[in-house]
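A.B. asks: I'll drop the sequence and a predicted model, then ask my questions.
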Amino acid sequence: MSLEGGGRRGASGGHGNKVHRCSCCSYSTVVKSNLIRHSRIHTGERPFTCPHCTYDTTIKDNLKRHVLTHTGEKPYACPYCPYRSIQKVHLTSHLRTHYNNTNSDSMPNVGH
């Protein structure tokens with residue numbers, strides 16, 4: 001498998017117009033690191049391994065989230081009650097219980 005395209009970022013720091021194409025399928029992207037991550041689908045490479053169990057993954061952020069299941073850390077906290085979660089999406093869903101889906105414009109932005 002080869003990773004086609006080399007491209008350089010311009011002075012603005014953007015990704016430019018260089019398209020990087022997968023040599024195994026029709027996937028293409030202007031971000032070379034996305035192509036490298038995508039190529040793991042074809043190679044089977046899973047470079048990110050949990051130090052606590054046999055879990056491994058192709059995506060570093062997936063490993064970070066998984067490790068939280070071992071540590072018990074729940075970094076996303078509800079500002080209105082004791083609820084905490086591992087994932088931001090779960091907190092966002094929980095916040096709707098406080099707002100009854102009536103006025104989503106006044107819901108706080110969940111950040112980290």
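C.D. replies: Nice, I can see it. Residues are numbered from 1 along each chain as shown.
A.B. asks: which regions of this protein sit below the pLDDT cut-off?
C.D. replies: Applying pLDDT under 70 to the chain flags the ranges 1-16, 101-112.
A.B. asks: so which residues of it form strands?
C.D. replies: Taking DSSP state E as the test, the strands found in the chain are 20-21, 28-29, 48-49, 56-57, 76-77, 84-85.
A.B. asks: remind me what the first one packs against, helices and strands.
C.D. replies: Translated: strand 20-21. For strand 20-21, the elements it packs on are strand 28-29, helix 32-43, judged by 3 or more CB pairs under 8 Å, 6 or more residues apart in numbering; DSSP states H and E. Where you see a C-beta, it was placed from the backbone N, CA and C, and this is true even at glycine.
A.B. asks: circling back: now, of the strands of the chain, which is deepest in the fold?
C.D. replies: Ranked by mean neighbour count, the strands of the chain are led by strand 20-21 with a mean of 18 (mean count of other CB atoms under 10 Å).
A.B. asks: any idea how far it is from the middle of the chain?
C.D. replies: If you compare the mean C-alpha spot of strand 20-21 with that of the full chain, they lie 21 Å apart, counting by CA atoms, centre = their mean, to the nearest Å.
A.B. asks: what would the helices and strands packed on strand 20-21 look like in CSV with distance to Val19?
C.D. replies: What follows is these, written out as CSV (distance: least, CB to CB, whole Å):
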stretch, distance to Val19
strand 28-29, 5
helix 32-43, 10
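A.B. asks: so which of those is nearest Ile59?
C.D. replies: helix 32-43 (6.7 Å; CB to CB).
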